[in-house]
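Participant: Kindly generate the corresponding structure for this input.
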Amino acid sequence: MMAKMRSLAPWFILSVGGLFVLFMVLSDSRISDIIGKRSNDVGSVNGEKISYQEFSDMLEQYRQYQQQQTGQEIPESQMDMLRDNVWESLVSQKLIAQKIEEFGIKVTNDEIKDVLLGPNPPASVTRFFTDSLGNFNRQAYESAIFNPQNKEAMKQVEEQVRQQLLQQKLQNTVTASVMVSESDIKQKFVEQSTKISADYIFIDANTIPEAQIKVTDSEIENYLRDTITPNDVIITMGAGDIYKVGESLLG
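Facilitator: So this is what the prediction gives:
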């Protein structure tokens, strides 16, 4: 055994040495960069890539939000469903953003101010200034949104309002482009207005005894004339036994 190991030792040393040299060459070349280069994208929407980091950040936001709402950690058994929901939401956001850019829809800063300072501010903000009876404290609300200490929080609120207005404008644009013809209206009216009354009875053929079923020779002949093609041959093997082969005998 020792002699055999000594005989294999030179080949082992050469193999290890060769691998070491190859590793050094690859480390000093761009080949290792090409081999080690892997995509960090998890998907794309109409050519727009979605990175793993973007998906992971959104997943964490949803997880924290749901935890705040329920007061409990999301069990691992529900994480797959949450990931699917986050992915669908992310794809929807990408599609909406692409359409907004395609239609050239914009929201100005004045429009955002009109929403925040108008008679009906967003419920997502006013709920923090509404008492248990549903009374909205307008003075406390305005004091908070103009407070310099809330500047960062207000930036997030303003961005939420911007996105809501963009989606609302997109919806208005799509709705305005929908055309309904008179035939469409008529068809819808017919579908909603037409009513039919019918009396019917169901008879199961299996409940009828065969002894009550009578078939005459003329009925058989008429059936054959209606169903058998000119290329069929009729061979009778006895009363009621009829087979089809070859050429027609019916002319």
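Participant: in the protein, which spans are strands?
Facilitator: 41-45, 48-51, 234-238, 241-244 (DSSP state E).
Participant: for the third one, what is the average pLDDT?
Facilitator: Right, strand 234-238. Averaging pLDDT along strand 234-238 gives 50.
Participant: same deal with the last one?
Facilitator: Taken as a whole, strand 241-244 carries a mean pLDDT of 49.
Participant: Same check on the second one?
Facilitator: For strand 48-51, mean pLDDT rounds to 90.
Participant: starting at the chain centroid, how far to it?
Facilitator: Mean-position distance between strand 48-51 and its chain equals 17 Å (C-alpha atoms, centre = their mean, to the nearest Å).
Participant: For it, report the contacting residues that lie outside it.
Facilitator: By C-beta atoms under 8 Å, 6 or more residues apart in numbering, the residues outside strand 48-51 that reach it are 40-44, 90-91, 94, 98. No exception for glycine: its C-beta is placed from N, CA and C like everyone else's.
Participant: Of those, just the buried ones, ChimeraX syntax please.
Facilitator: To isolate in ChimeraX the members of the contacts of strand 48-51 that are buried, counting by 16 or more other C-beta atoms under 10 Å, one can use:
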select :90,94
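Participant: Now do the contacts for the nearest residue to residue 126 once chain neighbours are set aside.
Facilitator: Excluding the flanking residues, the one nearest residue 126 by C-beta to C-beta, 6 or more residues apart in numbering is residue 136, at 5.6 Å. Residues in contact with residue 136 (C-beta under 8 Å, 6+ apart) are 126, 129-130.
Participant: let's go with 10 Å and repeat that
Facilitator: Residues in contact with residue 136, defined by C-beta atoms under 10 Å, 6 or more residues apart in numbering, are 120-121, 123, 126-127, 129-130.
Participant: List just the nearest of those residues to residue 224.
Facilitator: Nearest to residue 224 out of the contacts of residue 136 is residue 123 (C-beta to C-beta; 77.7 Å).
Participant: And for that closest one, the neighbour number?
Facilitator: Using other C-beta atoms under 10 Å, residue 123 is surrounded by 9 other residues.
Participant: ditto for residue 66
Facilitator: A count of nearby residues for residue 66, using other C-beta under 10 Å, gives 15.
Participant: pretty sure it is touching residue 81, no?
Facilitator: No: contact criterion C-beta atoms under 10 Å: residue 66 and residue 81 do not qualify, at 11.1 Å.
Participant: Quick one: low-confidence residue ranges for the stretch 151-251 of the chain.
Facilitator: Across the stretch 151-251 of the chain, the ranges flagged by pLDDT under 70 are 228-251.
Participant: Quick one: end-to-end distance for stretch 144-160.
Facilitator: 17 Å (C-alpha to C-alpha, to the nearest Å).
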